[in-house]
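Participant: what would the 3D arrangement of this be:
(2 chains)
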Amino acid sequence: MGTRFAVFKYAGAETQSMDDIDDQYTPADVESTVDEYWDDANAYESAKEAHADDPPFFFVDGPPYTSGQMHLGTAWNKTLKDAVIRHKRMTGHRVTDRPGYDMHGLPIEVKVEEELGFENKRDIEEYGMEPFIQKCKEFALRNRAAMDEDFKSIGVWMDWEDPYETIDPEYMEAAWWAFSNVADNGLVEQGKRSVSQCPRCETGLANNEVEYEHVDDPSIYVKFPLADREGSLVIWTTTPWTIPANAFVAVDEELTYNAVRAEKGGEEEVLYVAEECVEDVLQEGRYEDYEIEAELSGGDMLGWEYDHPLADRVAEYADFEGAGQVYAADYVEADRTGLVHSAPGHGEEDFHRGSELGLEVFCPVEPNGEFTAAAGEYAGQFVRDANDGIIDDLVADGHMLAHGTVNHSYGHCWRCDTGIIQLVTDQWFISITDVKEDLLDNMAESEWHPGWARDNRFRDFIEDAPDWNVSRQRYWGVPIPIWVPEDADADHLDEDMIVVGTREELAERVEEEIDPETIDLHRPAVDDLTIVEDDTTYRRVEDVFDVWLDSSVATWGTLGYPSNDESHDELWPADLIIEAHDQTRGWFWSQLGMGTAAVGEIPYEEVLMHGFANDEDGRKMSKSVGNIVTPEEAIDRAGRDPLRTYLLSHDQQGVDLAFEWDGLGEIQGKLNILWNVFRFPLEYMELDGYDPAEADLSDGELELVDEWVLSRLQSVETEVTEAWAEYRVSDAVNAIIEFVTKDVSRFYVKAVRDRMWEEADSDTKRGAYATLATVLDEVIRLLAPIAPYLTERMYQTLDGEATTVHALSYPEPDDELHDSDLERDVAVLRNVEEAAANARQQAGRKLRWPVPRVVVETDDEEVAEAVRNLEELILDRVNARTLEVTGAFDALVETAEPRMSAIGPAFGGDAQEVMAAVQGATREEVDAGLVVDGETVELDDEMVEYVAEPPEHVTGVDFDGGTVYVDASLTPEIESEGYARDVIRRIQEMRKTLDLDVEARIRVGVAVDDERVAGFVDDHADLIAGEVRADAWLDDPADAATDDGLVEEWDVEDVVVTLGIDPVS
RNA sequence: GGGCCAAUAGCUCAGUCAGGUUGAGCGCUCGGCUGAUAACCGGGAGGUCCACGGUUCAAAUCCGUGUUGGCCCA
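Facilitator: Presented below is the predicted three-dimensional model:
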């Protein structure tokens, strides 16, 4: 064997060569071999070097969070990214492939707290902030290392030597820099906002950190006694603990309300509720009777005053100017009572309306969820624990109309699952709402795949987006770089704030001596740094950034900006980002927000948004349901390439994937077909000393099928190129796989088998070699981004000139090789062939036996021309002696079918006999007049229908464009060849059984248990000898019963045939 | 409660933008081929195109209302 076939020539590893190509595609073997090879050959580096001088493509990896491990969804995400990166590289780009990790934030803090057995922030303070942060860092780094291995295990070629980590000082500086830009643009402000507060974590949460779950909560109807008239306002709420903070009651100005005089147990009272709610409310309160006293609009009730129902229980309540009155609000609906208890110190909507009304904010709850002294009897209690007491008191004081429980969805902390409380606290904001128009304009600058994700989903989100609360009262995060005067007014910290943008600036401005190169920007190191300017001492606010802010600066962080501005100037903004659809409200949004607020631009130009990996029923994979499929299991059961190809063969644009084992197996089967196509020619090429790496289409003779498959290859390349251009990755994948299975395997390989099997060197054989080598080479490169291991293995076997197939360029269509007329003709041929095979089956004539004639009937000139053009090929493939093309097959025999709807009425009682006479008659017989009961009957045209049927031995099958008729009649000559072919087939099988080399010579003995058939076989002795590479005949098959030989008895068309073969040594 | 996406053969999906007899692969089944041999090819069976209503000569496709699932938001 020539050295050109010896590949994987690296030391220390199992040497692979063409001899080692397994009969069966075994992904695990292929992948471990290739993995080792890549390591030894530094294949990744080599691929990057090959494109080091190409134009840049700035891809930015959305950083996975380092609290978990790779699951099927992240495997899909990284596989898609990897495929795109490999493809971009092969199409001539220097691709930025720096992976990233999101390593700060509450999720990790909570995990570490669990490890340490902590329950609240006090435990952390006691343990010490510094060691706690150290633990968080260790946790994040430990997970990061494990995730590196996970991603590498599915063949992701990114720069694992140098990932960006959001905990790097360099990266954190990008966050500071961007934030200080935002401040320079006047978009950073401090303010009181109603936030979702986790009372356990004692921090505000972003909306997307709140998870909704169904829980049972109190459902109470409370009467607020009116101060200036008889009766009470009735409100409904599920949060009794917010009643102490009540400041006003809201109504809908337009809505109709009723004053209802209600009676229960002999007592009467007046209740105010919305008209639509009267029945329900009175039923809830178990009133016995009622009467509508007055009907009035919400507007009529504005300004009415009421007494706080817990006035006697709490120490303080909202009794300032304007409190305790009825106001209009647009959040009121005719639901429950139609009046809404409003506490601007808690609810977001209440807070907004309260601010509009100029009401003070009153909130008697601490950040940890405990009532303050202002709450009087409830002081010190945790709010939810106080619910029962408040309910009891309201009942005791006669303010409760009804109370029970309700099951509804309520927000919980995404990490520790504690029920959140709405609370007004001081927070830092990026006032994104001030630049909403810019956000929308910038959004329009980006191109999304699929487009609807941008124009529907993303636009809706931007339009509704509130200001971005970026502060968290926690530890493990990027410290907010805001320094405020020591004696600043706590409510107006933003007035004289200093926002530091870089480590250098920090070193310059702070009093303490620090080295900008080495300082760790984490807490608590930065907490004690002070700035003194103009006799004012500034201290850092204690908060850290919302972790979503970290990843929002990934386009800068990836490039090491601002400490390194070289690549930034060349590359920024990102050319492409790829994430799942949950990131519409996550990373896609945070980057747009930060880019717009900091530099007035969107940080990415194109978005590819994929879906989620669900289970086979389309349901979310979850631990509790137990339907999780891990990537490890999929790799074990199928392989890396099959998994990747499976994931990428489904729609990559916005649609979820229902993972299914059978589908994965299906893909593996298809890759196996590719494997078979790949190894099919290897043995022949080796025998002939043909090097596929040197394949030259001009050396040798190209036959029609060669030209056809090469043309199809060009068409597929065009299709694939167009698909990639729009990131329709699955269309590209499926086009390649279809080409391999349908065109190459099913059609081309079948067509060139005989040429490969020829012993002598010939132009036509070299043409077939060159064609198949070309097709394989390009298919391998087309599929390389999708199935990197398999294609590497094949490339190294066939060629191996480059260190890795992934350094090569992606195939592009060549017009010279494209012939659409030929493709159309062959499409016709395949239809004809299929119909002929069907007709043969109906005639009971197997393909091995020739048929004397095939007739194609068509009235389509293009079809007729195609059949004439490809006559030889059709004859060969359908194994026919002659082929005719005609507009009308004149051998058809017309037979009459009686039409009883006409015959019945005309012949009455004789109809059955007439029917029998008509049935099966020829047109001539009918025209001559049929005789029934001795009388010739007259038949009208409508009484008889003629059906054209082929003559005996001929069967016809329709195809798209006409009908194919196969004449399967037998002649001695055909029988003779048929039997000979049957014998050849069996001898070949015996050669295979003996595991003989393809070129091995044999001696053959044949004994046939039927004199006539024996004669047929004798007639073709030379054909048989040639096909099976026999040098001599044995007198008796039994003579082959040697150590090396084989004797077998076969049943050929019910005739016993004994065959013996003996290798010639 | 709201927005977006999806629902087509037993399974996975095309087809929907632009209305005109629903297709493919897998699976099942029957047959064929084969020095690619645990591969390959053909035939067959298999459909309430989620439901209901509307527009239209004509609806899987367009419109409306629901149902189920997914994501996001409240």
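Participant: tally of neighbours for the one residue in the stretch 1-150 of chain A that gets nearest to RNA strand B?
Facilitator: Going by Cβ to the nearest atom of the strand, RNA strand B is nearest to residue A:23 of the stretch 1-150 of chain A, at 3.9 Å. Any C-beta I mention is one placed from the backbone N, CA and C, and that applies to glycine too. A count of nearby residues for residue A:23, using other Cβ atoms under 10 Å, gives 8.
Participant: check contacts around it.
Facilitator: residue A:679 (Cβ atoms under 8 Å, 6 or more residues apart in numbering).
Participant: the same query, at a cut-off of 6 Å, please.
Facilitator: By Cβ atoms under 6 Å, 6 or more residues apart in numbering, no residues touch residue A:23.
Participant: how near is it to residue A:685?
Facilitator: From residue A:23 across to residue A:685, the span is 17 Å (Cβ to Cβ, to the nearest Å).
Participant: and residue A:807, by the same measure?
Facilitator: Counting by Cβ to Cβ, the gap from residue A:807 to residue A:685 is 24 Å.
Participant: how does chain A divide into domains?
Facilitator: Per automatic domain parsing, the structural domains of chain A span A:57-187+A:433-472+A:551-610, A:218-417, A:641-816, A:824-891+A:954-967, A:893-949, A:972-1063.
Participant: what about the second one, start to end distance?
Facilitator: Chord length of domain A:218-417, first to last residue, is 19 Å (Cα to Cα, to the nearest Å).
Participant: equivalent analysis for the shortest one, please.
Facilitator: Distance between the boundary residues of domain A:893-949 (Cα to Cα) amounts to 5 Å.
Participant: what stretches of the stretch 451-600 of chain A score poorly on pLDDT?
Facilitator: Along the stretch 451-600 of chain A, the model assigns pLDDT under 70 to no residue.
Participant: please enumerate the helices of the stretch 401-550 of chain A.
Facilitator: Shown for the stretch 401-550 of chain A, the helices assigned by DSSP state H, counting those that start in this stretch span residues A:436-445, A:451-452, A:459-464, A:503-509, A:547-552.
Participant: hmm, I was thinking of the stretch 51-200 of chain A
Facilitator: Secondary structure of the stretch 51-200 of chain A, counting by DSSP H, counting those that start in this stretch: helices at A:72-90, A:106-116, A:121-127, A:129-152, A:169-184.
Participant: for residue A:350, give me its contacts.
Facilitator: Applying Cβ under 6 Å, 6+ apart, we find residue A:350 in contact with A:342, A:343, A:344.
Participant: ok, and the closest non-adjacent residue to it?
Facilitator: Distances taken as Cβ to Cβ, 6 or more residues apart in numbering put residue A:342 closest to residue A:350, at 4.2 Å, once the chain neighbours are dropped.
Participant: chain center to stretch A:891-900, what's the gap?
Facilitator: Here stretch A:891-900 shows a centroid-to-chain-centroid distance of 57 Å under the convention Cα atoms, centre = their mean, to the nearest Å.
Participant: wait, stretch A:588-598
Facilitator: 25 Å.
Participant: and stretch A:859-868, by the same measure?
Facilitator: So, by Cα atoms, centre = their mean, the centroid of stretch A:859-868 is 44 Å from its chain's centroid.
Participant: residues of it that come out buried?
Facilitator: A:863, A:864, A:865, A:866, A:867 (16 or more other Cβ atoms under 10 Å).
Participant: looking at those residues, which is nearest residue A:495?
Facilitator: Within those, the smallest distance to residue A:495 is 83.2 Å, found for residue A:866 (Cβ to Cβ).
Participant: touching, the closest one and residue A:830? I think so.
Facilitator: No - the pair residue A:866 / residue A:830 is not scored as a contact, 10.4 Å apart, by Cβ atoms under 6 Å.
Participant: next, the buried residues of stretch A:173-186.
Facilitator: Quick answer for stretch A:173-186 (16+ other Cβ under 10 Å): A:173, A:174, A:175, A:176, A:177, A:178, A:179, A:180, A:181, A:182, A:183, A:185.
Participant: pull the CA atoms of that stretch into CSV?
Facilitator: Provided in CSV are the C-alpha atoms of stretch A:173-186 (Å, rounded to 0.1, in the frame of the first residue of the first chain):
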residue,chain,number,x,y,z
GLU,A,173,-13.3,47.0,34.1
ALA,A,174,-15.4,46.8,30.9
ALA,A,175,-18.5,46.9,33.0
TRP,A,176,-17.2,49.9,34.9
TRP,A,177,-16.2,51.6,31.7
ALA,A,178,-19.6,51.1,30.1
PHE,A,179,-21.4,52.1,33.2
SER,A,180,-19.4,55.3,33.5
ASN,A,181,-20.3,56.1,29.9
VAL,A,182,-23.9,55.6,30.8
ALA,A,183,-23.4,58.1,33.7
ASP,A,184,-21.7,60.6,31.4
ASN,A,185,-24.8,60.3,29.2
GLY,A,186,-26.9,61.3,32.2
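Participant: run through the helices of the stretch 651-800 of chain A in chain order.
Facilitator: With helices called from DSSP H, counting those that start in this stretch, the stretch 651-800 of chain A shows them at A:661-679, A:682-687, A:704-725, A:729-738, A:750-757, A:763-783, A:788-798.
Participant: looking at those helices, spot the one closest to RNA strand B.
Facilitator: Closest approach to RNA strand B among the helices of the stretch 651-800 of chain A is made by helix A:661-679 (3.0 Å; Cβ to the nearest atom of the strand).
Participant: ok, and does that closest one reach over to RNA strand B?
Facilitator: Yes - Helix A:661-679 is in contact with RNA strand B by Cβ under 7 Å from any atom of the strand, via A:662, A:663, A:665, A:666, A:669, A:670, A:672, A:673, A:676, A:677, A:679.
Participant: got the residues of the stretch 401-550 of chain A near RNA strand B?
Facilitator: Residues of the stretch 401-550 of chain A lying close to RNA strand B by Cβ under 7 Å from any atom of the strand are A:409, A:452, A:453, A:456, A:457, A:460, A:461, A:464.
Participant: neighbours around the last one, how many?
Facilitator: Applying other Cβ under 10 Å, we find 8 other residues in the vicinity of residue A:464.
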